[in-house]
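Student: 3D model of this:
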Amino acid sequence: MIKLILVEDERATREGLLKHTPWNQIGIDRVEDARNGVEALEKAEWLEPDIILTDVSMPRMDGIQLATRLREKYPQCKIIFLSGYSDKEYLKSAIKLNALNYIEKPIDENELIVTLSKAVVQYKSERDQKAKDDRMQDQVRRNTDLVRQKLAVELIKSDVDPAELRGTFEDAGVEYRADRYYTTAVVKFNWNRALTHNEKESCRSLLSSKIYSILGELADWFVAGFLDSELYLVHFKERIQAVQHWEGKLNVLREKIMAESEGNFAATIGVGLPVYGLVGLKNSFNLAMKAIQMQFYEGVNTIIFSNGLSARESGNPLPDDAFLAAFGEYLGGDKRKEALLLLNDYYSGLAASKVSDNGMIRNRYLKLLFDLHSMAKKRGIRLTDEEDLYGYLWRSISGMDTLEKIHLYLVDQVEVFFKLVEDKEAYGRNVYEIMKFIQHQYPNQKLSVKLIAESQNFSESYLCTFFKKITGKTLNDYITEVRIEKSKELLKDRNLKIYEIAKKVGYDNENYFAKVFRKYENASPSEFRERFFL
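Tutor: Residues are numbered from 1 along each chain as shown. Model prediction:
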């Protein structure tokens with residue numbers, strides 16, 4: 001779309017040009033008009049014009065001043081001047097502003113059309129060339145990024161000879177210097193689990209150039225690139241240590257990366273120790289990876305320096321038989337406080353020991369979760385409807401990137417367990433009272449859900465839902481079962497007539513009673529009496 005602003009203070013001239021110029025035939029898609037330079041500048045803010053057709057002599061701001069301002073902001077904009085004055089000073093200014101043409105008034109329509117057509121052709125040609133140049137530059141950048149990424153990965157291989165990579169350094173546009181101190185940092189991307197593979201790849205592609213740009217603001221020399229979908233390598237020609245200067249710089253890196261997140265990931269940076277010479281970058285990388293592993297304890301969105309890591313593997317992080325027995329006892333004995341204290345002590349011990357084998361820790365928590373669900377089943381409650389319990393629990397914790405998240409998940413499940421136990425016991429007492437009321441009131445022909453609800457201070461809808469959820473049967477079904485069982489006892493007395501028994505169990509209609517009885521016992525009351533109570 002080609003956009004033009006017509007700037008003319010004379011109303012008749014402005015309206016005449018708007019009405020009679022064949023804009024669409026020339027190739028101009030949108031035309032806005034302005035009465036002076038100030039108004040034109042305001043419109044240019046949102047229109048971003050490609051062509052300016054402006055009078056030279058105007059109040060408030062003349063055409064030369066307007067064109068000067070627009071040229072600064074929109075250098076590709078084509079400028080055409082209109083004037084009724086053959087003033088050499090204006091012509092000089094037009095030449096300096098690289099104006100496309102200078103049309104004198106009165107305006108010759110053919111000259112205007114030719115000049116505008118030339119402006120459209122020139123603008124399109126320059127636009128297309130710029131797009132082509134941008135594509136070429138983008139391709140060069142992409143190729144350079146691939147070379148830099150390849151170089152970053154090559155430098156951490158055990159058998160690498162940096163001297164053999166001189167050509168790669170040149171292709172990447174990076175100076176080769178072996179006699180310097182270097183430090184490797186690793187950025188770990190903790191991706192949102194809801195992202196698809198393609199969404200991750202798209203995000204990673206955009207991040208690659210942005211991170212390189214950020215790094216360029218922080219360091220004079222670096223080689224960087226993705227190692228895999230989660231890890232981004234950065235080799236600095238610096239002796240990076242846990243000091244305020246570098247911690248501040250890396251914080252800037254982390255914050256700017258996170259500014260691009262849009263909720264798609266969290267980022268943790270692990271920093272290795274400085275090494276002398278490129279050949280030692282493998283060691284710095286290994287230490288950076290050990291630092292990254294500590295995000296399991298330190299948390300995500302952090303910076304972890306390897307020289308700040310204390311000795312690991314202290315203490316015994318594994319829950320022994322006594323621990324597991326105590327956990328089971330507390331769950332089975334309704335000892336909520338004791339169970340949570342036990343888990344918190346275990347968590348504190350793990351957090352202090354910082355065992356590097358995260359997989360082992362996950363397996364231990366998986367065992368605790370499995371035991372919890374097993375105890376829940378024994379006590380007649382369910383924490384999940386998933387049939388593949390082991391797979392469900394493993395999926396739940398395998399995507400959690402810190403010990404704290406896994407621990408809080410277990411604690412939450414324990415809290416849910418005890419809440420369900422409490423609810424079940426409370427429900428049990430309520431159900432007992434409801435059943436007792438029905439067993440006492442069954443002879444009452446007016447016994448109804450409403451009467452029962454009023455006796456228990458429940459709403460009718462809640463009572464029905466609650467009773468069905470706990471017992472698996474409706475209230476009316478239970479009332480009928482009680483009445484049928486009581487009638488079977490009364491049938492033993494052969495002196496009682498069937499209609500008398502019906503009334504004694506709450507039915508005022510003998511035929512309806514017989515129909516309900518047959519549905520439950522597959523026999524009429526008389527047949528049942530003859531069969532069982534001769």
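
Student: select the longest helix from this structure.
Tutor: Longest helix of the chain, by residue count under DSSP state H: helix 109-154.

Student: where's that helix relative to the chain centroid, distance-wise?
Tutor: Chain-centre distance of helix 109-154: 35 Å, with CA atoms, centre = their mean, to the nearest Å.

Student: spit out the contact partners of residue 47.
Tutor: By CB atoms under 8 Å, 6 or more residues apart in numbering, the contact list for residue 47 reads 3, 5, 30, 32. Backbone N, C-alpha and C define where each C-beta goes, glycine included.

Student: tell me the pLDDT of the closest residue to the third one other than its chain neighbours.
Tutor: Put plainly, it is residue 30. Distances taken as CB to CB, 6 or more residues apart in numbering place residue 3 nearest to residue 30, at 4.7 Å, with adjacent residues excluded. For residue 3, the model assigns a pLDDT of 95.

Student: what distance do you get for residue 3 to residue 521?
Tutor: Counting by CB to CB, to the nearest Å, the separation of residue 3 from residue 521 is 88 Å.

Student: one more: residue 196?
Tutor: Residue 196 is 59 Å from residue 521, where distance means CB to CB.

Student: just to revisit the earlier point, the longest helix of the chain packs against which elements?
Tutor: helix 23-26, strand 51-55, strand 78-83, strand 101-104, helix 166-172, helix 197-218, strand 222-226, strand 231-236 (3 or more CB pairs under 8 Å, 6 or more residues apart in numbering; DSSP states H and E).

Student: buried stuff in the fourth one?
Tutor: Along strand 101-104, the positions that meet the burial threshold by neighbour count (16 or more other CB atoms under 10 Å) are 101, 102, 103.

Student: export these to a markdown table and tack on distance to residue 284 and pLDDT?
Tutor: Shown next, in a markdown table, are the buried residues of strand 101-104 (distance: CB to CB, whole Å; pLDDT from 0 to 100):
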| residue | distance to residue 284 | pLDDT |
| --- | --- | --- |
| 101 | 63 | 80 |
| 102 | 65 | 81 |
| 103 | 68 | 85 |
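
Student: kindly reformat these as a markdown table containing distance to residue 45.
Tutor: What follows is the buried residues of strand 101-104, written out as a markdown table (distance: CB to CB, whole Å):
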| residue | distance to residue 45 |
| --- | --- |
| 101 | 25 |
| 102 | 26 |
| 103 | 26 |
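
Student: any idea of the angle the strand ranked longest in the chain forms with helix 197-218?
Tutor: Longest strand in the chain, counting residues (DSSP state E): strand 181-191. Here strand 181-191 runs at an angle of 150 degrees relative to helix 197-218 (axes from the mean of the first three to the mean of the last three CA atoms, to 10 degrees).

Student: in its sheet, what does strand 181-191 sit against?
Tutor: According to DSSP bridges, strand 181-191 forms sheet pairs with strand 231-236 (antiparallel), strand 265-271 (antiparallel), strand 275-276 (antiparallel).

Student: that strand: how far from the chain's middle?
Tutor: Chain-centre distance of strand 181-191: 22 Å, with CA atoms, centre = their mean.

Student: same check on stretch 149-156?
Tutor: Taking CA atoms, centre = their mean, the mean C-alpha location of stretch 149-156 is offset from the chain mean by 30 Å.

Student: can you give me the buried ones in it?
Tutor: Quick answer for stretch 149-156 (16+ other CB under 10 Å): 149, 150, 151, 152, 153, 155, 156.

Student: average model confidence for the helix or strand that contains residue 453?
Tutor: For residue 453, the host element (DSSP states H and E) is helix 449-456. The pLDDT scores in helix 449-456 average 90.

Student: just the closest of the buried residues of strand 101-104 to residue 53, please.
Tutor: For the buried residues of strand 101-104, the minimum distance to residue 53 (CB to CB) is 8.6 Å, reached by residue 103.

Student: and that closest one, what does it touch?
Tutor: Residue 103 neighbours (CB under 8 Å, 6+ apart): 80, 81, 82, 83, 111, 112, 115.

Student: so can I have JSON lines of those showing distance to residue 266, neighbour count and pLDDT?
Tutor: Below are these laid out as JSON lines (distance: CB to CB, whole Å; neighbours: other CB atoms under 10 Å; pLDDT from 0 to 100):
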{"residue": "80", "distance to residue 266": "54", "neighbour count": "23", "pLDDT": "91"}
{"residue": "81", "distance to residue 266": "57", "neighbour count": "23", "pLDDT": "89"}
{"residue": "82", "distance to residue 266": "59", "neighbour count": "23", "pLDDT": "88"}
{"residue": "83", "distance to residue 266": "62", "neighbour count": "19", "pLDDT": "81"}
{"residue": "111", "distance to residue 266": "63", "neighbour count": "12", "pLDDT": "91"}
{"residue": "112", "distance to residue 266": "60", "neighbour count": "19", "pLDDT": "92"}
{"residue": "115", "distance to residue 266": "57", "neighbour count": "18", "pLDDT": "92"}
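
Student: let me know the closest of these to residue 234.
Tutor: Among the contacts of residue 103, and counting by CB to CB, the member closest to residue 234 is residue 80, at 51.1 Å.
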